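Q: give me a 3D structure for the following:
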Amino acid sequence: MKKLRDRLHEIIFEADTYEGKLFDIILLILIVISIIVVMLESIQKVDLHYHNIFVIIEWVITIAFTIEYILRIYTVYKPFKYITSFFGIIDLLAILPTYLSIFFVSSKYLLIVRALRLLRMFRILKMGNYVKQGKILSDSIKASMPKITVFLYFVVLAVIVFGSIMYIVEGDTNAEFDNIPRSIYWAIVTLTTVGYGDIAPATPFGQFLASLVMILGYAVIAVPTGIITAEISYYDKKHSKEIHTQACRFCGQEGHDNDAKFCKYCGHQLNE
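A: As a prediction, this is how the structure comes out:
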């Protein structure tokens, strides 16, 4: 029984094995089919003609996901930890809407919840190099946050200053800049290069100021991108050692070194 449990855990949680990859590919296909069905159901004419087929497909996929969810709980040593984890909650959300539809037949909101199945792709796409790259990206973003926070502080400051100046310049002659909050809204739209065009300066000085804000707007994209890129380069070198997708049965963490025998997060022995 223990061997069967270990074997199932290897297939379900590890993407490095042939069976694990095949299992993930099947799940990926089911998720894609499910999302397509969700989108088609929202088209009234299509749903009218193929509603019964959509219902059958949805129930087949839901039953498959339910079996998978039960097996995931069965194969881990700490079921509650898995159930309350991020992916555990996503796995539950993948099956709940169909069962809830029995009680809430006409609820549109269940379609939205079913669309959350797309998040399950993050679990499946953790094969091979995705784990390493995901770790590099998450570490880079975390390391960049202090610098980006300081930069965003100056962006907010610039928005308030430019909005206030524009109110002073345009306020008397342009009804669109009749208060500071509305002028700040214009500054945000312009600085972020969105450019709705619903508010526009009319005076020469106001237009000159708008030009400066537009030029500065490129920095809103360029500076954070540069900060994160520098951190990615640093962490790419730091995480140059290859890692695999084997999941610890005790804590559920992945991303261990290829030659690892024990979990680097909780210390328990990994599966052989």
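Q: for the protein, which spans come out with low pLDDT?
A: For the chain, the stretches with pLDDT under 70 are 15-16, 104-134, 239-247, 249-259, 264, 271-272.
Q: may I see the buried residues of the helix or strand harbouring Gln207?
A: When elements are defined using DSSP states H and E, Gln207 is found to belong to helix 204-238. Of the residues in helix 204-238, those with enough neighbours to count as buried (16 or more other C-beta atoms under 10 Å) are 206, 209-210, 213, 217, 220, 223-224, 227-228, 231-232, 235. Using the backbone N, CA and C atoms, a C-beta is placed for each residue, glycine as well.
Q: on contacts alone, who are the packing partners of it?
A: Helices and strands touching helix 204-238, by 3 or more C-beta pairs under 8 Å, 6 or more residues apart in numbering; DSSP states H and E, are helix 129-170, helix 180-191.
Q: ok, which of these comes nearest Glu19?
A: With C-beta to C-beta, the closest approach to Glu19 among the helices and strands packed on helix 204-238 belongs to helix 129-170: 18.3 Å.
Q: next, count neighbours for the closest residue to Glu14 other than its chain neighbours.
A: Nearest residue to Glu14, sequence neighbours excluded (C-beta to C-beta, 6 or more residues apart in numbering): Gly20, at 4.6 Å. One way to gauge burial is a neighbour count; for Gly20, by other C-beta atoms under 10 Å, it gives 18.
Q: distance of Gly20 relative to Arg7?
A: Spatial separation of Gly20 from Arg7 under the definition C-beta to C-beta, to the nearest Å is 11 Å.
Q: likewise Trp59?
A: 28 Å.
Q: also Ile168?
A: As it turns out, when the distance is counted by C-beta to C-beta, Ile168 lies 73 Å from Arg7.
Q: go on, Ile83?
A: Distance, Ile83 to Arg7, using C-beta to C-beta: 22 Å.
Q: likewise Leu22?
A: The spacing between Leu22 and Arg7, counted by C-beta to C-beta, is 14 Å.
Q: then Gly226?
A: Following C-beta to C-beta, the distance that separates Gly226 from Arg7 is 48 Å.
Q: got it, and Tyr74?
A: Remark: distance between Tyr74 and Arg7 (C-beta to C-beta) = 12 Å.
Q: repeat for Ile61
A: For Ile61, the distance to Arg7 (C-beta to C-beta) stands at 24 Å.
Q: so Glu58 touches Val37, yeah?
A: Yes. Glu58 lies in contact with Val37 (C-beta atoms under 8 Å); the separation is 6.0 Å.
Q: what count of nearby residues applies to Phe80?
A: Here the neighbour count serves as a burial measure; for Phe80 (other C-beta under 10 Å) it reads 10.
Q: following the strand or helix carrying it, which helix or strand shows up next?
A: Mapping Phe80 onto the secondary structure by DSSP H and E places it in helix 79-83. Sequence-wise, the next helix or strand beyond helix 79-83 is helix 86-100, with elements assigned using DSSP H and E.
Q: Asp198 in helix, strand or coil?
A: Recorded secondary structure, Asp198: coil (DSSP: H, G, I helix; E, B strand; the rest coil).
Q: okay, it and Phe205: tell me how far apart.
A: When distances are taken as C-beta to C-beta, Asp198 and Phe205 turn out to be 21 Å apart.
Q: what does Lys3 give?
A: Look at Lys3 and Phe205: by C-beta to C-beta, they are 80 Å apart.
Q: what's the neighbour count on Ala94?
A: Neighbours around Ala94, by other C-beta under 10 Å: 26.
Q: so it sits against Ile63, correct?
A: No. With contact defined as C-beta under 8 Å, Ala94 does not reach Ile63; the gap is 11.8 Å.
Q: so which bits of stretch 175-194 are buried?
A: Using 16+ other C-beta under 10 Å as the test for burial, stretch 175-194 gives Phe177, Arg182, Ser183, Ile184, Tyr185, Trp186, Ala187, Ile188, Val189, Thr190, Leu191.
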